[in-house]
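**Q** one predicted model, sequence on top.
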Amino acid sequence: MIVEYIRYRVPTDRAPEFEASYARAATSLAAAPQCVDYELSRCTDEPESYILRITWSSAKDHLEGFRGGEHFAPFFAEIKPFVGDIEEMRHYEKTPVRGDGGAVPSLYEWLGGSEALERLTEAFYREVLKDDLLIPLFGGMDPQHPQHVALWLGEVFGGPTTYTDHHGGYRHMVSRHLGRGIEEKQRRRWVSLLMDAADEVGLPDDPEFRAAFAGYIEWGTRLAVINSRPGVDAYDAPMPKWSWGGHPPYRG
Ligand code: HEM
C-alpha cells in the first residue's frame, strides 16, 4: 500500500466550493478498486490549507489502474478547477512507526494483563482436556501449553514480546499446528470453550472489548485450521498486533 498526500492552499472564499467538489469527487474514489481509503482535512490554524490523504493499493495501481480507468475522468472533472492550488502531491510509504497513543489502552491492559490471561488459559485448557471432540488433538499436550498460549495472546494484544523473544515466535506457533488436520467442528468447539472461559474468569464483557477479542480468535482459529492442512510448511510472518479496530473502548 502507498499513501498519497495532496496539500492545497485554497482561498477561503473558494473553500465551500472546494469541499463540495471533493464530496462529489469522493464517489469516484469510493468506487475505484485501487483506492483503499481517503480523507480530506482542513487546517484549523490556517484555514486555507487542506490535506487530502489517499491510500492506494500500490503506486502502480494509482498511476496506471486508477488514472487509466473509468473512475478517473469523473473524479478529475470535479477537482480540475483546484489543480492550480496544489502545493504538494506525492506518494509516501508507511514506516513501522505508528500505533495507538496513550489515550487508547491496549487490549492487553484492558483485559487485565498477564494474570488475567493465565487465568483464562488455565480455565480453558481444563475444559479442553475434558472435551470429547478436542481430546484427540490435546491429549498429549505439553503441560506448559496454557502458559505459552497466554504469552502468545498477551503479545498479540499489545503486551510484552515474551513469546517472540523466548518461545520461538510466529514460526514456532505455526509449526505446532502443522499436520494436525484440525476440523471445522473442532475449531468451533475451541472457540466456544474459550468464550465460556472468558466469562468464567471475568474478562471484561463490554461490547467493544469482546468484539475485538472475538475478532482475533475467529481469525486466529481459522488460520490454525489452514496451517494444519496437509502440505503446509512452517513459515515466518510478522506477529499479529490486534487492537480495537473501529471501536475503541467506551468510557461514558
Ligand atoms: C487464535 C487461535 C489460536 C492460537 C492463538 C493458538 C496458539 C497456539 C500456540 C501459541 C501454540 C504453541 C504453544 C507453545 O509454544 O508451546 C499452539 C499449539 C497448539 N495448538 Fe493452537 N492456537 C490457536 C488455535 C488452535 C485451534 C483452533 C486448535 C485446535 C482445535 C489448536 C490446536 C493446537 C495444538 C494441538 C497445539 C499443540 C499443543 C501441544 O501439544 O503442546 N490451536 N497453539
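**A** Noted; the coordinates are in hand.
**Q** kindly confirm my reading that Arg7 is in a strand.
**A** Yes - the assignment for Arg7 (DSSP: H, G, I helix; E, B strand; the rest coil) places it in a strand.
**Q** residues touching the closest residue to the ligand within the stretch 151-252 of the chain, list them.
**A** Closest approach between the stretch 151-252 of the chain and the ligand, counting by C-beta to the nearest ligand atom: Gly220, at 2.4 Å. C-beta coordinates here come from the backbone N, C-alpha and C atoms, glycine included. Counting by C-beta atoms under 8 Å, 6 or more residues apart in numbering, Gly220 touches Val156, Pro240.
**Q** give me the distance between it and Phe138.
**A** Between Gly220 and Phe138 the computed distance is 16 Å (C-beta to C-beta, to the nearest Å).
**Q** equivalent analysis for His166, please.
**A** His166 is 23 Å from Phe138, by C-beta to C-beta.
**Q** higher neighbour count, the two?
**A** Phe138 (15 against 10; other C-beta atoms under 10 Å).
**Q** surely the more buried one meets Glu127?
**A** No - taking contacts as C-beta atoms under 8 Å, Phe138 lies outside contact range of Glu127: 10.6 Å.
**Q** just give me the longest helix of this structure.
**A** helix 207-227 (DSSP state H).
**Q** skipping adjacent residues, who's closest to Asp100 in space?
**A** In this structure, Asp100 finds its nearest non-sequential neighbour in Ser243, 5.9 Å apart by C-beta to C-beta, 6 or more residues apart in numbering.
**Q** who are the neighbours in contact with the one you found?
**A** Ser243 touches Asp100, Val104, Ser106, Leu107, Gly158, Ala212, counting by C-beta under 8 Å, 6+ apart.
**Q** also Asp131?
**A** Counting by C-beta under 8 Å, 6+ apart, Asp131 makes contact with Arg189, Leu193.
**Q** A helix includes it, no?
**A** No - under three-state DSSP, Asp131 falls outside any helix and is assigned coil.
**Q** give me the phi and psi for it.
**A** Per-residue torsions, Asp131: phi -100, psi 130 (degrees, to the nearest 10).
**Q** so what's the gap between stretch 18-30 and the chain middle?
**A** 27 Å (C-alpha atoms, centre = their mean, to the nearest Å).
**Q** over to stretch 83-92?
**A** 29 Å.
**Q** run through who's touching it.
**A** So stretch 83-92 is contacted by 2-10, 18, 56, 59, 62 (C-beta under 8 Å, 6+ apart).
**Q** for PyMOL, what selects the buried ones among these?
**A** Restricted to buried positions by 16 or more other C-beta atoms under 10 Å, the PyMOL selection for those reads:
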select buried, resi 2+4+6+8+10+18+56+62
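**Q** re earlier: and what about the residue nearest to Asp100, helix, strand or coil?
**A** coil.
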